[in-house]
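Visitor: Sequence first, predicted coordinates after that:
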Amino acid sequence: MPETVFITGAAQGIGRHLAGAFYRRGWQVVATDRDEPALLAATATFEPARCLALAHDVTSPAAWDAALTAALARFGALDVLVNNAGVVAPEFGTALSVAAIDAQVDVNLKGVLYGSRLAAQLFSGQNRGHLINIASLAGVAPIHGLPIYSATKYAVRGFTLAVAWELARSGVRVSVICPDLVNTNMLTQQLDFPAAALSFSGPAALAVQDVEHAVFERALGRGEVEILLPGSRGALAKLGNLWPRLGRLLTGRLVAQGERERLRQLTVSNEQ
């Protein structure tokens, strides 16, 4: 019998790519997103027998209960849950808006906690299953210009590492994947914001295939609990976090580098 995966934020970006990657590998896919038209377009080529597309607001506990109930009713069991849905709103700390705080905390953090709670209960009862939470390198080292996003991803990473030990005793595996900037719509959403300069400081944006490899080869394949992408930037992030003074010294150089790249990409985007 095919295994079943539940993926949030599956209408675009990483979530859409992962839904296709699982589907191509023969999995049954529960794809969810609050943007139902985009979700239906993303899953239009999937056979209904192996795909359940659900309009789903991850910020609502009731919506989580309903989505999981529908998934189990359709496929009978759940093997993997991928908490991928996320939003970003670049703002400096002096200009934080209540709307930006609420949106990022509700989706990036509370949405993950709600889903993880249900997955923990279901998987521990089964004595099997794998919870995969998509965080960010912004959850390893603080990102200048993205303070709320960074705070939510720190929390997701910390929560995931904490429950990994708890759930391991029930035979449940847990992984947190922390990628650098990925070439998706979330990248283009940040181009207009100088506050997002540090996001563009890497040598090159990751591809969605890099996250796919992390999910299948490192999380599901090797059972790694914490996966930093790429490893070099992950090591730099941990170093900067370990010694905040060093991190501040590095930040100035990286912000200048990232701002040049942001402006370059913005120019290219405007010319297209």
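Guide: That came through fine. Numbering: from 1, shown residues only.

Visitor: Only C-alpha atoms from now on, for both contacts and neighbour counts.
Guide: OK.

Visitor: Run through the helices of the stretch 151-272 of the chain in chain order.
Guide: Along the stretch 151-272 of the chain, the segments classed as helices by DSSP state H, counting those that start in this stretch run 185-189, 208-213, 231-242, 244-271.

Visitor: Please identify the most buried of the ones you listed.
Guide: Mean neighbours per residue, mean count of other Cα atoms under 10 Å, is largest over these for helix 208-213, with a mean of 18.

Visitor: Give me the contacts around that one.
Guide: For helix 208-213, contacts defined as Cα atoms under 8 Å, 6 or more residues apart in numbering pick out 13, 14, 17, 18, 21, 179, 182, 183, 184, 229.

Visitor: go again using 7 Å as the cut-off
Guide: Contacting residues not belonging to helix 208-213 are listed as 14, 17, 18, 182, 183 [Cα atoms under 7 Å, 6 or more residues apart in numbering].

Visitor: cool, stretch 123-136 as well?
Guide: Residues contacting stretch 123-136 (Cα under 7 Å, 6+ apart): 79-84, 119, 153, 156-157, 167, 170-180.

Visitor: mind listing what's buried in that stretch?
Guide: For stretch 123-136, burial by neighbour count (16 or more other Cα atoms under 10 Å) applies to 123, 124, 128, 129, 130, 131, 132, 133, 134, 135, 136.

Visitor: Next: stretch 34-41.
Guide: 34, 35, 36, 38, 39, 40.

Visitor: where does the fourth one land in three-state SS?
Guide: Going by DSSP: H, G, I helix; E, B strand; the rest coil, the secondary structure assigned to residue 38 is helix.

Visitor: Contact partners for it?
Guide: By Cα under 7 Å, 6+ apart, the neighbours of residue 38 are residue 11.

Visitor: related to what we said a few turns ago, format the buried residues of stretch 34-41 as CSV; extra columns: distance to residue 195 and pLDDT.
Guide: Output for these, formatted as CSV (distance: Cα to Cα, whole Å; pLDDT from 0 to 100):
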residue, distance to residue 195, pLDDT
34, 27, 97
35, 27, 97
36, 30, 97
38, 28, 98
39, 30, 98
40, 33, 98
